[in-house]
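Participant: I'd like to go over a predicted model; first the sequence, then the structure.
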Amino acid sequence: DLIQRLLDEVGKTDPETSNYDQWRTQGNIPKKRIALDDTPIEKGEWIGSGERPDKRINEEWDAMSWQEKLVFQATGKAIHAIVMAFLMIVSVTTYNFIFVEDVPDYELIDFDQDRARGYAQTLVDLGHPEWGGRMSGTVEEANGAEAIKQNMTEAGMGATVQTFSVPMFEIIAEPTMSICEPGPAPIIGTVDPCGLADIGAEVTSFTHREDFVIQGYSGTMQLGYAQNAELIDLGNGSEDADWASASGAIGMVWGQGDVSGNTDLFLRAQENDLFALILVNMKQNCDELVSGDCVPYFKSVDVSRFDTMPAQIAFVMVSKSVGEILQEQVINGTQRFQIDVRVDNEGNRDVSVTCGVIPGATDDMIIFGAHHDTVYNGPGAIDDTSGTATVIELAQQFGALYDTLGEPEYTMKFCTWGGEEQGLFGSSAWVEANQEELKDHLRLYVNLDMSHVDAERNYGVTLFGNSEEDVQHIANIHWKFTQENEALATKYPADIRLLDSEEMPYNSDHAPFVYEIDPAGNEYGRALVCYGSGSAEYHTYLDTMDRFNEESLAISGIIYGSYARWLAWG
């Protein structure tokens, strides 16, 4: 039926009219449009259900009848564009393709990318004086929240900073790690191997953040050369590994494709009374940041799975090269190992939530959100200072719209969350505190977590949500965005997806708004999410402003912002 309708329209097409205007005039603009990107957003990180679109597009073509192929060969550009949109939708989304009679006349919002970069730089400058991060529960995170509040106030909004007490660790001192080859035995008397009197000892020190990184909720352990603690190779750290052999020693796990997550590994270390656990990075960012090596990065654990936190077990990740050195020189050699990690992983600490508010005609809410905290070991310029800067810039744009257009239909909130990197603590606590109101009045939550695209490793953006209505509008707005910003849209392709609510990933601050607003668990909240691409520096010391590409923030900022504008003011 669709193909016949398209063929029937051939004679009506005016070649002097653009594809978009012609089909809009005839009332046949597709309900959903997809800008197809054949490349997955990240290697091994395909979003949504179904096969890759390029494979399914080819299968669609091979299965076409001659009548369908004729459309591509015999019709004008307008028909060709619509058929392509149809095929893209069939291939990339899981919902049915239908037409609507009218497409709203969306107004695209402005987005000042240079100003957004300025917001990001200001936040990065507030990071730890040595390590660069704004780790949750620290003075750096609190200062960042206050700076964001000031930005919201300058946008003409009422703004607040709330604090929530959540399970959080605190790094007490700079960690150290080294190995030592004892010097030759003295002719007279004895000396402690690698001690102060061992003048022939050769020490190799490893650099914190570059060679090794503390993992989330590590405990405290100080092991010197005098203890000569044994280092045990536990392979991939599976349940079948001989964890008991590392009791009262240090276990080393090779983090390859089949390795367990940090939570399972730390639990096994606790169950078997290890002194320390070393995870070797063998699978992430390898050869991308440092030639021939895999840079260590920060990951957390799920604290809800621990009855008590392992307060006396150090947990670190090392680079691939350091892991190989430890294997050769300590496990299979004669060198001694030293580690000093001091972390308080018990108790609670305060994390901040900043919100700016534009009051609406109703209590129904549209909320933009991003997390302002970062990992401790780097500035977090992309993760997620980029998303936070986008939210601040959107607050500025909507503050100006409020001055011009007056009261919106919806109450608009622009919030940033602490505690995300350790387990979505800030957003979860805020949702719990406002659960009843959110259940009755949340219209839409928009999450901007690493909505940034690296200028060199550009795989575009993925825009997805769990409401067919919302995703339909986003696809249509993206179409208009393409018409008005062709160069930008071509440079940063968008993969637009509709997911079932239960398919929404539980990996960023949108999750509490989807899954936790109904105490009975019977209803899901609506959310739109943007994933960027190309940030190989993720959770490492190299996530700096050197890779910051403010231009890419405009994609999600304009598209999602324009949808919120349409909802709020029509």
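Facilitator: All right, it came through fine. All of these numbers come straight from a predicted model, not from anything done at the bench.

Participant: mind listing what's buried along the longest helix along the chain?
Facilitator: Determined from DSSP state H, the single longest helix within the chain is helix 387-405. Buried residues in helix 387-405, counted by 16 or more other CB atoms under 10 Å: 387-399, 401-402. (Each C-beta comes from the backbone N, C-alpha and C, glycine too.)

Participant: what about residue 129, how many residues nearby?
Facilitator: By other CB atoms under 10 Å, 6 other residues sit near residue 129.

Participant: please enumerate the strands of the stretch 451-570 of the chain.
Facilitator: Ranges of strands in the stretch 451-570 of the chain, per DSSP state E, counting those that start in this stretch, are 461-465, 494-498, 527-531.

Participant: redo the ones you listed as a markdown table? Include mean pLDDT.
Facilitator: Formatted as a markdown table, the strands of the stretch 451-570 of the chain follow (pLDDT from 0 to 100):
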| stretch | mean pLDDT |
| --- | --- |
| strand 461-465 | 98 |
| strand 494-498 | 97 |
| strand 527-531 | 98 |
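
Participant: want to throw those strands into JSON lines with mean neighbour count?
Facilitator: Output for those, formatted as JSON lines (neighbours: other CB atoms under 10 Å):
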{"stretch": "strand 461-465", "mean neighbour count": "26"}
{"stretch": "strand 494-498", "mean neighbour count": "25"}
{"stretch": "strand 527-531", "mean neighbour count": "27"}
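
Participant: for residue 314, find the nearest of the ones you listed.
Facilitator: strand 527-531 (33.0 Å; CB to CB).

Participant: so what are the sheet partners of the closest one and their directions?
Facilitator: The pairing partners recorded for strand 527-531 under DSSP bridges are strand 442-448 (parallel), strand 461-465 (antiparallel).

Participant: reformat the ones you listed into JSON lines and put distance to residue 367 next to each item.
Facilitator: Listed next are those as JSON lines, based on distance: least, CB to CB, whole Å:
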{"stretch": "strand 442-448", "distance to residue 367": "5"}
{"stretch": "strand 461-465", "distance to residue 367": "14"}
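
Participant: now do the contacts for residue 438.
Facilitator: With contacts defined as CB atoms under 8 Å, 6 or more residues apart in numbering, residue 438 is in contact with 365, 431, 513, 517, 525.

Participant: redo that, cut-off 10 Å
Facilitator: Contact analysis of residue 438 by CB atoms under 10 Å, 6 or more residues apart in numbering lists 365, 367, 430-432, 445, 512-513, 516-518, 525.

Participant: hang on, the earlier thing: ok, which of the strands paired with strand 527-531 comes nearest residue 420?
Facilitator: Residue 420 lies closest, by CB to CB, to one member of these: strand 442-448, at 10.3 Å.

Participant: please save the CA atoms from that closest one in PDB.
Facilitator: In PDB, the C-alpha atoms belonging to strand 442-448 read as follows (Å, rounded to 0.1, in the frame of the first residue of the first chain):
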ATOM      1  CA  LEU A 442       6.900  14.300  35.000                       C
ATOM      2  CA  ARG A 443       6.200  14.900  31.300                       C
ATOM      3  CA  LEU A 444       9.800  14.300  30.100                       C
ATOM      4  CA  TYR A 445      13.300  13.900  31.400                       C
ATOM      5  CA  VAL A 446      16.200  14.700  29.000                       C
ATOM      6  CA  ASN A 447      19.600  13.300  29.900                       C
ATOM      7  CA  LEU A 448      22.900  14.600  28.500                       C
END
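
Participant: list the buried residues in stretch 361-376.
Facilitator: 365-376.

Participant: now that stretch: mean pLDDT?
Facilitator: Across stretch 361-376, the average pLDDT comes to 98.

Participant: ends of it, how far apart?
Facilitator: Terminal residues of stretch 361-376 are spaced 41 Å apart (CA to CA, to the nearest Å).

Participant: also stretch 337-348?
Facilitator: The straight-line separation of the ends of stretch 337-348 (CA to CA) is 32 Å.

Participant: make JSON lines from the strands of the stretch 451-570 of the chain and add distance to residue 479 to it.
Facilitator: Compiled in JSON lines, the strands of the stretch 451-570 of the chain are given as follows (distance: least, CB to CB, whole Å):
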{"stretch": "strand 461-465", "distance to residue 479": "12"}
{"stretch": "strand 494-498", "distance to residue 479": "10"}
{"stretch": "strand 527-531", "distance to residue 479": "16"}
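
Participant: among those strands, which is nearest residue 274?
Facilitator: Among the strands of the stretch 451-570 of the chain, the nearest to residue 274 by CB to CB is strand 527-531 (35.7 Å).

Participant: quick one, that closest one and strand 494-498 angle?
Facilitator: 150 degrees (axes from the mean of the first three to the mean of the last three CA atoms, to 10 degrees).

Participant: the longest helix of the chain packs against which elements?
Facilitator: helix 113-125, helix 139-154, strand 348-358, strand 365-371, strand 411-417, strand 442-448, helix 553-569 (3 or more CB pairs under 10 Å, 6 or more residues apart in numbering; DSSP states H and E).

Participant: let's see 6 Å
Facilitator: Identification of packing neighbours for helix 387-405 by 3 or more CB pairs under 6 Å, 6 or more residues apart in numbering; DSSP states H and E yields helix 113-125, strand 365-371, strand 411-417, strand 442-448, helix 553-569.

Participant: what bridges to residue 444?
Facilitator: residue 366.
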